[in-house]
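Can you look at this prediction? I've put the sequence above it.
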2 protein chains.
Amino acid sequence: MPKVGMEPIRREALVKATIAEIGATGSLEVTVSKIAKRAGMSPALAHHYFGSKERLFLAAMQHLLTVYGAWVRRELVAAETPRARLEALIRASFEAGNFEPEVIAAWLNFYVHAQSDAGAARLLRVYHARLRSNLVHDLRPLAGHKAPEIAETVAALIDGVYIRHALGTPPDGVSAVARVTDVLDRLLEAR
Amino acid sequence: MPKVGMEPIRREALVKATIAEIGATGSLEVTVSKIAKRAGMSPALAHHYFGSKERLFLAAMQHLLTVYGAWVRRELVAAETPRARLEALIRASFEAGNFEPEVIAAWLNFYVHAQSDAGAARLLRVYHARLRSNLVHDLRPLAGHKAPEIAETVAALIDGVYIRHALGTPPDGVSAVARVTDVLDRLLEAR
DNA sequence: ATTTTTATTGATTGACGAGTCAATCAAACA
DNA sequence: TGTTTGATTGACTCGTCAATCAATAAAAAT
């Protein structure tokens, strides 16, 4: 059975299985065995490729960020005006894929994990910084010196709405986008 | 040494130690042994009083809700107008005690835990419902039929701002209150 | 004074889980 | 053909941890 060039395939399978398993249990208390089984291989192989459970988590988190980043870029290319770009950023955060239960679970858990794991904290800071920087960039022409303040509020609202949809409220990207966009409008109404 | 009437004292010590331990590790991966040691007793005694780790977690969560509820009531009694009551609700969410690192950690973890534990989910729903109901009640005279919508937005913003302060942004209750209050104002400016 | 109840722990059990290792197998290579 | 190299796993180690239990001790109740 052993073929050559398995590494990237196995790694991807493991990362996806990790996210799926986190989604299934709702927590990070998942065993490498379960993950490996879901990915169709032995636990030993998982260790062979990732070295440790921790690094596997890290890779899964990075994968989420990569997917999110790709989506942001996809939305942004179609947007011409600053206003359109802002809406694109908001839409990207509430895109359907982000509401897959397993993705929600993974994000929530990585948030918590960032409290104790330096690597996770670093990745999360990257995400925060990127979102803020994107928002400020497109808010600048519309809000001038108030751009950073508004960006912070919008970013917080995105997170809050996301969390609420993650627990209880039936996930609904459309109303989430509307809610955030509405607040954005109010904040932009001069004064 | 054995005295009578120890139960309430032990229970409280265990609940507080649980929250402290969760704060120390940043996760729910805490051992009953560590908790018991912190509370100055043997692990066996912890099981004697709570029966299981799960129930100990539940009790700790309930404790957080109780403390929060008490603070809300304390803030509300001093408020006369609907507007003042709304501000009181916002203030209660960002009260200094809520920014103790261990309290932050506990809340975050219970959020995640609510995904897999029915009891935790129930408690969280209670908290959400109470906050929403409080907000709607005082928004009604100011916003009429739009009260529920605005309440939802404000609640989400509270959660989002709270989370952001929990990770990275230096905890600052004052600016958090200002940020939420500002959005509230914008949403109340008719139309 | 004897019994009952409450408090308390050391020792133990039973399970599980991360990570290691040696061995196997097949392809590529020389 | 023989050797190196990547893929793969079963079996094992070592540790941890939740939960149980039997035993001890002191108060309270009778």
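Structure's in. What do you need?

For the nearest residue to A:Pro148 once chain neighbours are set aside, report the pLDDT, please.
Take A:Pro148 and drop its neighbours on the chain: the residue closest to it by Cβ to Cβ, 6 or more residues apart in numbering or on different chains is A:Val136, 5.7 Å away. Backbone N, C-alpha and C define where each C-beta goes, glycine included. The model reports A:Val136 with a pLDDT of 98.

got the residues of chain A near chain B?
A:25-29, A:105, A:108-109, A:111-116, A:121, A:124-125, A:128, A:152-153, A:155-164, A:167-168, A:179, A:182-183, A:186-187, A:189 (Cβ under 8 Å from any Cβ of the partner chain).

The same query, at a cut-off of 6 Å, please.
Selection of chain A residues close to chain B by Cβ under 6 Å from any Cβ of the partner chain yields A:26-27, A:108-109, A:112, A:115-116, A:153, A:156-157, A:159-161, A:163-164, A:179, A:183, A:186.

A:Asn109: what secondary structure?
Using DSSP: H, G, I helix; E, B strand; the rest coil, the structure places A:Asn109 in helix.

list the contacts for it?
By Cβ atoms under 6 Å, 6 or more residues apart in numbering or on different chains, the contact set of A:Asn109 is A:22, A:28, B:112.

tell me which element the residue in chain A positioned nearest to chain B falls in.
Closest to chain B within chain A is A:Gly160: 2.6 Å, counting by Cβ to the nearest Cβ. Taking DSSP states H and E as the definition, A:Gly160 sits inside helix A:147-166.

quick one: is the helix or strand where A:Ala36 lies near DNA strand C?
Here A:Ala36 sits within helix A:32-38, counting by DSSP H and E. Yes - under the criterion of Cβ under 7 Å from any atom of the strand, DNA strand C is reached by helix A:32-38 at A:32-33.

Low-confidence stretches in chain A?
A:1-3, A:190-191 (pLDDT under 70).

need the helices for chain A, in chain order.
Here chain A has its helices, by DSSP state H, at A:7-25, A:32-38, A:43-50, A:53-77, A:82-93, A:101-113, A:118-143, A:147-166, A:173-188.

is the first one up against DNA strand D anywhere?
Yes - residues of helix A:7-25 are located near DNA strand D by Cβ under 7 Å from any atom of the strand, namely A:7, A:10.

Show me what that helix is packed up against.
Helix A:7-25 sits against helix A:32-38, helix A:43-50, helix A:53-77, helix A:101-113, with contacts defined as 3 or more Cβ pairs under 6 Å, 6 or more residues apart in numbering or on different chains; DSSP states H and E.
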